[in-house]
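Make a model of this:
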Amino acid sequence: MKLIILFGPQAVGKMTVGHELEKITDLKLFHNHMTIELVTPFFSYGSKPGKRLVNLFREEIFEEVSKSDLPGMIFTYVWAFDQADDWAYIERISEMFESRGAEVYYVELEADLEQRLERNKTPHRLEHKPSKRNTEWSEQELKKTLERHRLNSYDGEIQKDNYLRINNSAIHAEDVAKMIKEHFKL
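Numbers count the residues shown, from 1 in each chain. Just a heads-up that it's a prediction; the model follows:
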């Protein structure tokens, strides 16, 4: 079993790369908005019940997948490196899979803000993330989050054996997926 944690700021291309990686591996994509979009018709993701439900659904899916005979999964996440809770969350997910014999891979994506603002409006993103369809709001949220949090790691900050960082500002998602597959021999 393999778990790929694909992380980076909003609109960096995590889900799109995840879809491409899913096509060329046996791994299933679990992008973070799958649970957000499930809960949003009832509770805002920023609300206490919204966060609780999103986390509950994710935890249950992680639990079942980590115990299953599936080849593995790709999980996308916006990791705020200045938040201890985010570090603990990644560690908890990793430990859940590793304790059951899985290999965990960490793939960090980074892209220029200009590129991310363009990607924020792509049809693929808007198709899979209805809550982002108000692109004016989504763009403001993207900028605010960037001001409040550090969404990419410092050089050498992530001390994991299976770690890869890619600046995908000018690289197509298909090529990024191939790079990940080749680097980790998936």
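
which residues of the chain fall in helices?
Ranges of helices in the chain, per DSSP state H, are 14-24, 33-39, 48-67, 84-98, 113-119, 123-128, 135-148, 173-184.

what about this protein, any weak spots by pLDDT?
Along the chain, the parts satisfying pLDDT under 70 run over 126, 130.

centroid residue for it?
Nearest to the mean C-alpha position of the chain, counting by C-alpha atoms, centre = their mean, stands Thr76 at 1.6 Å.

just to revisit the earlier point, distance to Val107 and mean neighbour count added to the helices of the chain, as JSON lines?
No exception for glycine: its C-beta is placed from N, CA and C like everyone else's. Formatted as JSON lines, the entries for these read as follows, by distance: least, C-beta to C-beta, whole Å; neighbours: other C-beta atoms under 10 Å:
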{"stretch": "helix 14-24", "distance to Val107": "8", "mean neighbour count": "21"}
{"stretch": "helix 33-39", "distance to Val107": "18", "mean neighbour count": "18"}
{"stretch": "helix 48-67", "distance to Val107": "17", "mean neighbour count": "15"}
{"stretch": "helix 84-98", "distance to Val107": "12", "mean neighbour count": "14"}
{"stretch": "helix 113-119", "distance to Val107": "17", "mean neighbour count": "16"}
{"stretch": "helix 123-128", "distance to Val107": "18", "mean neighbour count": "14"}
{"stretch": "helix 135-148", "distance to Val107": "20", "mean neighbour count": "13"}
{"stretch": "helix 173-184", "distance to Val107": "6", "mean neighbour count": "17"}
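
And those helices: which comes nearest Ile5?
If you check each of the helices of the chain against Ile5 by C-beta to C-beta, helix 84-98 wins as the nearest, at 6.4 Å.

residues making contact with the closest one?
Contact partners of helix 84-98, identified using C-beta atoms under 8 Å, 6 or more residues apart in numbering, comprise 1, 3, 5, 7, 62-63, 66, 75, 77, 79-81, 104.

I'd like the helices of the chain laid out as TSV, including distance to Gln159.
Rendered in TSV, the data for the helices of the chain read as follows (distance: least, C-beta to C-beta, whole Å):
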stretch	distance to Gln159
helix 14-24	22
helix 33-39	28
helix 48-67	22
helix 84-98	12
helix 113-119	26
helix 123-128	31
helix 135-148	25
helix 173-184	17
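
These: which one's closest to Glu157?
Evaluated with C-beta to C-beta, the helices of the chain place helix 84-98 nearest to Glu157, the distance being 10.1 Å.

mind saving the C-alpha coords of that closest one as PDB?
Coordinates of each C-alpha in helix 84-98 appear next as PDB, following Å, rounded to 0.1, in the frame of the first residue of the first chain:
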ATOM      1  CA  ALA A  84       1.400  23.000  14.500                       C
ATOM      2  CA  ASP A  85      -2.000  21.400  14.000                       C
ATOM      3  CA  ASP A  86      -1.300  20.900  10.300                       C
ATOM      4  CA  TRP A  87       2.000  19.200  11.100                       C
ATOM      5  CA  ALA A  88       0.300  17.000  13.600                       C
ATOM      6  CA  TYR A  89      -2.400  16.100  11.100                       C
ATOM      7  CA  ILE A  90       0.100  15.000   8.400                       C
ATOM      8  CA  GLU A  91       2.000  13.000  11.000                       C
ATOM      9  CA  ARG A  92      -1.200  11.300  12.200                       C
ATOM     10  CA  ILE A  93      -2.300  10.300   8.700                       C
ATOM     11  CA  SER A  94       1.200   9.100   7.900                       C
ATOM     12  CA  GLU A  95       1.400   7.000  11.100                       C
ATOM     13  CA  MET A  96      -2.000   5.500  10.400                       C
ATOM     14  CA  PHE A  97      -0.800   4.200   7.100                       C
ATOM     15  CA  GLU A  98       2.800   3.300   8.100                       C
END
